[in-house]
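**Q** Pasting a predicted model and its sequence here:
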Amino acid sequence: MTENEARHRCGGGQDEQHVPAGVSRRTLLRGAVVGGGALAVGGLVLPTGAYAAPAIYNPFAAYAITGPWNPPNHNGVDFGMAVGTSLPACAAGTIENIPYNGTGGHTVTIHHGGGYRSQYMHLSKFLLANGASVGAGTVVGLSGGAAGADGAGNSTGPHLHWHVIDPSGVRVNPLSFGSTPPPVQGEGLTLQKIAGAGGYTGALDGVPGTNTWLGVQQVMKGYGYTGPIDGAPGTGTYAALQRLAQKGGYGGPVDGVMGTNSWKGVQTVLRRFGYTGPIDGAPGTNTYAALQRLAKLGGYTGPADGVLGALSWKGVQKVLAGYGYTGPIDGAPGTGTYAALQRMAQLGGYTGPVDGVPGTNTWAALAKLV
């Protein structure tokens with residue numbers, strides 16, 4: 001594929017939202033919110049969001065650009081790569097596969113929050129089912145594009161065509177976003193440990209997905225505690241602790257009075273912090289030691305000895321207060337999520353800028369807290 005080939009030769013395909021039968025484009029764009037920041041359309045549950053654009057990064061930086069962004073001749077970016085190359089998602093979202101999408105051939109669409117979509121074209125193979133939720137970095141398909149191959153469309157040679165579509169249906173240069181790449185293995189494990197305080201109960205495999213980020217964002221937002229970080233727990237502290245207990249199944253009132261069911265919920269959350277005792281709602285040394293491990297996320301550096309003192313409670317209160325994140329809990333990390341993580345990292349010795357672009361120092365400081 002040469003740099004100057006016209007759009008109909010590469011990535012022509014379908015620009016319009018792929019509308020299931022009986023659903024109008026207007027309905028798809030405006031949508032019907034079904035809860036949790038999601039949009040139900042034709043059997044798919046598509047993410048929505050309150051932010052202007054998703055956190056899109058370039059997963060293909062290691063590949064040569066064989067067809068640059070050059071509208072109106074080429075409204076996308078082509079990357080030269082061998083057939084069968086894994087294609088990571090450029091941002092979190094919901095999968096929609098479009099087989100034989102005109103000149104674009106097999107196309108995978110990733111529906112992001114805020115009405116944005118990314119499309120990868122000329123695939124040789126789809127890997128995920130329609131409606132699958134993915135995090136940034138999740139492999140969604142395999143590249144193709146060999147001339148005449150099944151699913152290659154009008155491609156004349158192996159490559160990937162990538163473009164983004166904004167909420168108005170206009171193609172956007174995907175390289176104009178420049179967001180933070182997804183975390184690597186060790187960083188991902190740190191995130192999953194942090195997410196445990198936000199209700200995450202999935203695998204500790206170092207591969208954070210949507211559920212990990214939902215937990216992280218909950219921790220960054222906190223549990224509604226607005227009182228002083230003074231190590232003297234009162235009604236406000238306990239009410240926030242009951243909100244945390246909700247992540248462990250507590251369904252009672254948030255009244256700041258910790259009863260058996262409140263503590264059962266807390267003990268369930270504390271499983272991710274080394275609590276191995278019974279879920280009996282009767283807190284003892286083991287429960288408190290696990291709570292001290294959670295308090296490390298709030299800067300507590302003392303022993304996990306099961307003796308809750310002022311420093312332990314200060315750490316707990318900090319976790320319950322959050323780290324200044326005010327965005328949606330949607331599992332799609334952006335600058336706001338990363339900036340809040342940097343504020344948390346300050347408790348581990350991070351002294352760099354809070355700019356939403358975490359680097360080595362941010363991750364090293366966060367690792368000290370878990």
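**A** It's in.
**Q** Now do the end-to-end distance for stretch 117-130.
**A** Using CA to CA, to the nearest Å, the end-to-end distance of stretch 117-130 comes to 14 Å.
**Q** same check, this time on stretch 143-160
**A** From its first residue to its last, stretch 143-160 covers 6 Å (CA to CA).
**Q** and what of stretch 162-174?
**A** 7 Å.
**Q** Please apply the same query to stretch 68-88.
**A** End-to-end distance for stretch 68-88: 20 Å, by CA to CA.
**Q** so Asp255 makes contact with Leu241?
**A** No - judged on CB atoms under 8 Å, Asp255 makes no contact with Leu241 at a distance of 11.5 Å. C-beta coordinates here come from the backbone N, C-alpha and C atoms, glycine included.
**Q** okay, these two: which has more neighbours?
**A** Neighbours were counted for Asp255 and for Leu241 using other CB atoms under 10 Å; Leu241 has more, 26 against 12.
**Q** Show me where this protein dips below the pLDDT cut-off.
**A** 1-53, 178-180 (pLDDT under 70).
**Q** For it, which segments are assigned as helices?
**A** Taking DSSP state H as the test, the helices found in the chain are 25-30, 185-195, 210-221, 235-246, 260-269, 285-295, 310-321, 335-345, 360-369.
**Q** Nearest to Thr94, out of these?
**A** Ranking the helices of the chain by proximity to Thr94 (CB to CB) places helix 210-221 first, at 9.5 Å.
**Q** Neighbours of the closest residue to Pro182 other than its chain neighbours, how many?
**A** Among residues not flanking Pro182 along the chain, Gly137 sits closest, at 3.7 Å (CB to CB, 6 or more residues apart in numbering). A count of neighbours around Gly137, defined by other CB under 10 Å, yields 21.
**Q** Then Tyr100?
**A** Look at Tyr100: counted by other CB under 10 Å, it has 12 neighbours.
**Q** ok, it touching His106?
**A** Yes - taking contacts as CB under 8 Å, Tyr100 lies within contact range of His106: 6.8 Å.
**Q** okay, and the common contacts of those two?
**A** Any residue near both Tyr100 and His106 by CB atoms under 8 Å, 6 or more residues apart in numbering counts here, and that gives 151, 153.
**Q** ok so, going back, buried deepest among the helices of the chain, which one?
**A** Mean neighbours per residue, mean count of other CB atoms under 10 Å, is largest over these for helix 210-221, with a mean of 24.
**Q** contacts for it?
**A** Defining contact as CB under 8 Å, 6+ apart, one finds that helix 210-221 is touched by 92, 133-135, 188, 191-192, 194-200, 202, 208, 247, 297, 319, 322-333, 337, 340-341, 344.
**Q** change it to 6 Å
**A** With contacts defined as CB atoms under 6 Å, 6 or more residues apart in numbering, helix 210-221 is touched by 92, 133, 135, 191-192, 194-195, 197-200, 202, 322-323, 325, 329, 331, 333, 337, 340.
**Q** of those residues, buried ones?
**A** Neighbour-count burial (16 or more other CB atoms under 10 Å) is assigned, among the contacts of helix 210-221, to 92, 133, 135, 191-192, 194-195, 197-200, 322-323, 325, 329, 331, 333, 337, 340.
**Q** burial count for Arg138?
**A** For residue 138 the amino acid is Thr, not Arg. Neighbours of Thr138 (other CB under 10 Å): 22.
**Q** what's the neighbour count on the closest residue in space to it that isn't next to it in sequence?
**A** Nearest residue to Thr138, sequence neighbours excluded (CB to CB, 6+ apart): Ala89, at 4.8 Å. Neighbourhood size, Ala89 [other CB under 10 Å]: 26.
**Q** OK, contacts around Ala89?
**A** Going by CB under 6 Å, 6+ apart, Ala89 touches 110, 134, 136, 138, 140.
**Q** Is it possible to get JSON lines of the residues you listed that adds distance to Lys314?
**A** Formatted as JSON lines, those follow (distance: CB to CB, whole Å):
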{"residue": "Ile110", "distance to Lys314": "42"}
{"residue": "Val134", "distance to Lys314": "38"}
{"residue": "Ala136", "distance to Lys314": "34"}
{"residue": "Thr138", "distance to Lys314": "38"}
{"residue": "Val140", "distance to Lys314": "43"}
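**Q** Out of these, the closest to Arg293 would be?
**A** Using CB to CB, Ala136 comes nearest to Arg293 of those, at 28.4 Å.
**Q** if I look at the residue nearest to the closest one when sequence neighbours are not counted, how far off is Gly196?
**A** Among residues not flanking Ala136 along the chain, Pro182 sits closest, at 4.3 Å (CB to CB, 6+ apart). As for Pro182, its distance to Gly196 is 19 Å (criterion: CB to CB, to the nearest Å).
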